[in-house]
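Visitor: just coords:
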Ligand code: TYD
């Protein structure tokens, strides 16, 4: 495989989608083919799974929720991520397996020792070479989410979770970073978009060199 697989992770409201767009533009200027994608929901089947997961009409059991995210992922890897990497593209993926570790295993307190193997199966062998973890205190992320919803953006079922859930999710990301400090690089996401982008470019420059 000749491409480069980069994931962007963090709690809701951490600003990673803005950073994905800025990073993609910068990498394209340097001549890279960049594929921007996200989870859940960036395939035809995935859009249906996303509606089930985030719509809020049905509240799934924690294990059902996990399985739906994994089903979305496998389809995404097969249809979007692997073909792009095989072409030699840089793939910038907004959320991936670390989100499942943080939200489902840490956030919902599922048994990681049993379930980690399922996360590996769902990836079809496609592990990110670099993960950018946009770290922000939960209170600051809540503030950003509130202004987005006030600006008309629809709130998802996860946005409605209480603060303690998002604290566990942040702790989950922190534990992944501690366990895999080479793959998972922490970005301080508390500044403005331009200062965060400077940190991101330094990391991308180092890893893609
Ligand atoms: P989305 O609207 O795409 O939010 P964001 O822009 O923050 O990524 O909603 C995705 C939600 O799904 C988000 O709250 C995180 C959650 N999620 C999980 O719980 N597990 C997962 O494996 C993934 C990929 C996402």
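Guide: Nice, I can see it. Model, not experiment: these values are computed from the prediction.
Visitor: Identify the residues contacting the worst-scoring helix or strand of the chain on mean pLDDT?
Guide: Sorting the helices and strands of the chain by mean pLDDT, DSSP states H and E puts helix 138-150 at the bottom, at a mean of 89. If you take C-beta atoms under 8 Å, 6 or more residues apart in numbering as the criterion, helix 138-150 is touched by 11, 12, 13, 14, 15, 155, 159, 163, 166, 167, 170, 190. In this view, the C-beta of every residue, glycine as well, is placed from N, C-alpha and C.
Visitor: pLDDT-wise, what's the bottom of those?
Guide: Lowest pLDDT among the contacts of helix 138-150: residue 155, with 80.
Visitor: Got phi/psi on that one?
Guide: Backbone torsions of residue 155, given as degrees, to the nearest 10, read phi -80, psi 140.
Visitor: What's the local residue count around it?
Guide: 14 (other C-beta atoms under 10 Å).
Visitor: do stretch 188-197 and the ligand meet?
Guide: No - using C-beta under 6 Å from any ligand atom, stretch 188-197 never reaches the ligand; the gap is at least 12.1 Å.
Visitor: List the buried residues in that stretch.
Guide: Buried residues in stretch 188-197, counted by 16 or more other C-beta atoms under 10 Å: 189, 196, 197.
Visitor: Adding secondary structure and pLDDT, write these out as CSV.
Guide: As requested, the buried residues of stretch 188-197 are exported to CSV (DSSP: H, G, I helix; E, B strand; the rest coil; pLDDT from 0 to 100):
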residue, secondary structure, pLDDT
189, coil, 97
196, helix, 98
197, helix, 98
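Visitor: Of those, which is the nearest to the ligand?
Guide: When these are compared for distance to the ligand (C-beta to the nearest ligand atom), residue 189 wins out at 12.1 Å.
Visitor: check contacts around the closest one.
Guide: Neighbours of residue 189 in contact, by C-beta under 8 Å, 6+ apart: 10, 14, 15, 16, 134, 135, 136, 196.
Visitor: Now with 7 Å, please.
Guide: 10, 14, 15, 134, 135, 136, 196 (C-beta atoms under 7 Å, 6 or more residues apart in numbering).
Visitor: The chain against the ligand: which residues are in contact?
Guide: Applying C-beta under 6 Å from any ligand atom, one finds that the chain approaches the ligand through 12, 17, 39-40, 54, 69, 94-95, 99-100, 103-104, 156, 158.
Visitor: Narrow the residues you listed to those in helices?
Guide: Per DSSP state H, helices hold the following members of the residues of the chain next to the ligand: 17, 54, 69, 99.
Visitor: Quick one: which of those residues has the lowest pLDDT value?
Guide: Comparing pLDDT over those, the lowest score belongs to residue 54 (92).
Visitor: For burial, what's the neighbour tally of the closest residue to it other than its chain neighbours?
Guide: The shortest distance from residue 54 to any non-neighbouring residue, by C-beta to C-beta, 6 or more residues apart in numbering, is to residue 156 (4.2 Å). Residue 156 has 15 neighbouring residues, counting by other C-beta under 10 Å.
Visitor: Save the contacts of helix 138-150 as JSON lines, and put in distance to residue 116 too.
Guide: Listed next are the contacts of helix 138-150 as JSON lines, based on distance: C-beta to C-beta, whole Å:
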{"residue": "11", "distance to residue 116": "21"}
{"residue": "12", "distance to residue 116": "23"}
{"residue": "13", "distance to residue 116": "27"}
{"residue": "14", "distance to residue 116": "24"}
{"residue": "15", "distance to residue 116": "28"}
{"residue": "155", "distance to residue 116": "30"}
{"residue": "159", "distance to residue 116": "27"}
{"residue": "163", "distance to residue 116": "27"}
{"residue": "166", "distance to residue 116": "22"}
{"residue": "167", "distance to residue 116": "22"}
{"residue": "170", "distance to residue 116": "20"}
{"residue": "190", "distance to residue 116": "30"}
